[in-house]
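[1] Turn this into a model:
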Amino acid sequence: MSKKAFGIDIGGSGIKGAPVDLATGELLAERVRIATPQPSTPDAVADTVAELIASFDIDDDMPVGVTFPAVIQAGVAQTAANVDKSWIGTDVDALLTKRTGHDVFVVNDADAAGIAEMTFGAGQDTSGVVLVVTLGTGVGSATFVDGRLVPNTELGHLLLHGDSAEKYMASSIREKEDLDWETWAGRLQEYFSHVEFLFSPTRIIVGGGVSKKHQKFLPLLDLKTEIVPAELRNEAGIVGAAALARHEQKSLKKAAKKAKKAGKTSDGKSDEKSAKKAAKKAAEKSEQQAGEKEKVKREAAK
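    The predicted structure follows:
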């Protein structure tokens, strides 16, 4: 299987994408950006995604990973941040797969950035609990345990001073309140100390646009945990989504072969959507079993 996939990053103002070389994490062509349609309804965004993919000459079987600003469960949007509320309850995976003709795999935007860091950036070969926190308009987070993603963690919404932490220490708040770096670092200290107490992470990776200026605030923090800047910035969503897509497509093909060999799908149906869902279920079960085996091995080694 080719080590290539297509990544798309959906945001409130723009939708950007490019094919990715998954051996290196580098874009294979200059990314294309199209303004997010307003209103950003499912049909309008799906048309834009299809237009973006069509602007590249890629193989029909190339998987497509898509970041989405929402909690995603089994491909379905449970929330909607910076996009039209009509997305809530929409099967994003199925809609974009049908509209583009590609196997599409949708992932929370912060989780995608985390996948990119763990695969190609500051989280490579790091065991234990790793937190990737993006500081921007809000605060996004991705959590990994021994390299495995715990999806949809919303650590920017931990309570701090009686409200969501991001309303107190996001990068946008620093700009809005015109805070100097030292004052803002004091707020970050409160937040990261709280996160450190709750999760005992091995490493914290700080991303978002402000991470380009990490020398102005990270050295001011006093934590037991190693805290480092992200290495992939503007391209993290695209790269992480592409990496996820290839991994998921590979898992689906293995699960489909296993299901075909057994002569059945989970619900007895043969249509493509049912087969895809059955394969996904089998892949998830296989990964869960692998994780349980690894846990047993670690316990036995103690």
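
[2] In terms of pLDDT, where does the residue in the chain sticking out farthest from the centre sit?
    Outermost residue of the chain with respect to the C-alpha centroid, by Cα atoms, centre = their mean, is residue 263; its distance is 34.0 Å. Predicted confidence (pLDDT) for residue 263: 72.

[3] cool, residue 3 as well?
    At residue 3, pLDDT is 89.

[4] repeat for residue 137
    88.

[5] In contact with it, which residues?
    170, 171, 172 (Cβ atoms under 8 Å, 6 or more residues apart in numbering). Where C-beta positions appear, they are placed from N, C-alpha and C, glycine not excepted.

[6] I'd guessed the first one sits against residue 136; true?
    Yes. The pair residue 170 and residue 136 passes the contact test of Cβ atoms under 8 Å, sitting 6.8 Å apart.

[7] more neighbours, those two?
    residue 170 (25 against 17; other Cβ atoms under 10 Å).

[8] That one and residue 137, how far apart?
    7 Å (Cβ to Cβ, to the nearest Å).

[9] Residue 31 too?
    21 Å.

[10] ok, now residue 78?
    20 Å.

[11] mind listing the helices for the stretch 51-200 of the chain?
    Assigned by DSSP state H, counting those that start in this stretch, the stretch 51-200 of the chain shows helices spanning 92-100, 109-120, 166-169, 171-176, 181-199.

[12] could you give the mean pLDDT of the shortest one?
    Taken as a whole, helix 166-169 carries a mean pLDDT of 97.

[13] could you say what helices and strands it packs with?
    With contacts taken as 3 or more Cβ pairs under 8 Å, 6 or more residues apart in numbering; DSSP states H and E, helix 166-169 sits against helix 181-199.

[14] what's the answer for the longest one, then?
    Helix 181-199 is packed against strand 129-135, strand 159-160, helix 166-169, strand 203-207, with contacts defined by 3+ Cβ pairs under 8 Å, 6+ apart.

[15] That one vs strand 129-135, what angle?
    Counting by axes from the mean of the first three to the mean of the last three Cα atoms, to 10 degrees, helix 181-199 lies at 150 degrees to strand 129-135.

[16] which parts of helix 181-199 are buried?
    184, 185, 187, 188, 189, 191, 192, 195, 196, 199 (16 or more other Cβ atoms under 10 Å).

[17] Turn those into CSV, columns for pLDDT and distance to residue 125.
    Putting those into CSV (pLDDT from 0 to 100; distance: Cβ to Cβ, whole Å) gives the following:
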residue, pLDDT, distance to residue 125
184, 98, 31
185, 98, 29
187, 98, 31
188, 98, 26
189, 98, 28
191, 98, 27
192, 98, 23
195, 98, 22
196, 98, 21
199, 98, 20
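
[18] Surely residue 227 touches residue 202?
    No. Applying Cβ under 8 Å, one finds residue 227 not in contact with residue 202, separated by 11.0 Å.

[19] the more surrounded of those two?
    residue 227 (21 against 17).

[20] you'd agree that one is in a helix?
    No. Remark: residue 227 does not belong to a helix; assigned using DSSP: H, G, I helix; E, B strand; the rest coil, it is strand.

[21] for it, what are its contacts?
    Taking Cβ under 8 Å, 6+ apart, one finds 192, 203, 204, 205, 206, 218, 221 in contact with residue 227.

[22] Surely the first one and residue 226 touch.
    No. With the criterion set as Cβ under 8 Å, residue 192 and residue 226 do not qualify as a contacting pair; they are 11.6 Å apart.
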